[in-house]
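A.B. asks: All I have is the shape, not the residue letters:
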C-alpha cells in the first residue's frame, strides 16, 4: 500500500528532527564513530557492486577466450592434417 505524499512528508520531518536531537545528545567521539560506520556501510555497498561487475567481466572474458581458442584449435587441426594453410580462392 503506497503512502500519500503528505504522510511521507510528515514522517520525514520528524525523522530529520530525531536525527538532530540524537546528534545533540552524543559526544564528539560518538558522532565520529557513527559517521565512520555510515561511511564504511556506503563504501561496502560500492565495493560489492564493483566486485559483482568485475566477476561478470571475468566470466565474459573467459567465455571469449575459450571461443577464440576453440576457433584457433580447429584451424590448427586442419593445418596439421594438410600440412599447409588453406589458400583463398581468387
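C.D. replies: Yep, it's here. Note that the structure is a prediction, hence the values are computed from the model and not measured. Numbers count the residues shown, from 1 in each chain.
A.B. asks: how near is the residue nearest in space to the middle of the chain to residue 55?
C.D. replies: Residue closest to the average C-alpha location in the chain (C-alpha atoms, centre = their mean): residue 49, at 2.1 Å. Look at residue 49 and residue 55: by C-beta to C-beta, to the nearest Å, they are 11 Å apart. For the C-beta atoms, the positions are set from N, CA and C on the backbone; glycine is no exception.
A.B. asks: got it, and residue 8?
C.D. replies: 37 Å.
A.B. asks: Tell me the pLDDT of the residue nearest to the centre of the chain.
C.D. replies: Here, the pLDDT recorded for residue 49 equals 87.
A.B. asks: same check, this time on residue 37
C.D. replies: Confidence score, pLDDT, at residue 37: 94.
A.B. asks: can you start the count at 45 instead of 1 from here on
C.D. replies: That works, and once the first residue is 45, the last one we named lands at residue 81.
A.B. asks: Quick one: mean pLDDT over stretch 99-107.
C.D. replies: On average, stretch 99-107 scores 85.
A.B. asks: Can you verify my assumption that residue 75 contacts residue 67?
C.D. replies: Yes. With contact defined as C-beta atoms under 8 Å, residue 75 reaches residue 67; the gap is 6.0 Å.
A.B. asks: Helix or strand: which one has residue 114?
C.D. replies: Here residue 114, judged by DSSP states H and E, is contained in helix 72-126.
A.B. asks: Any stretches of this protein with poor pLDDT?
C.D. replies: 45-47, 117-134 (pLDDT under 70).
A.B. asks: try 80
C.D. replies: 45-47, 59-61, 113-134 (pLDDT under 80).
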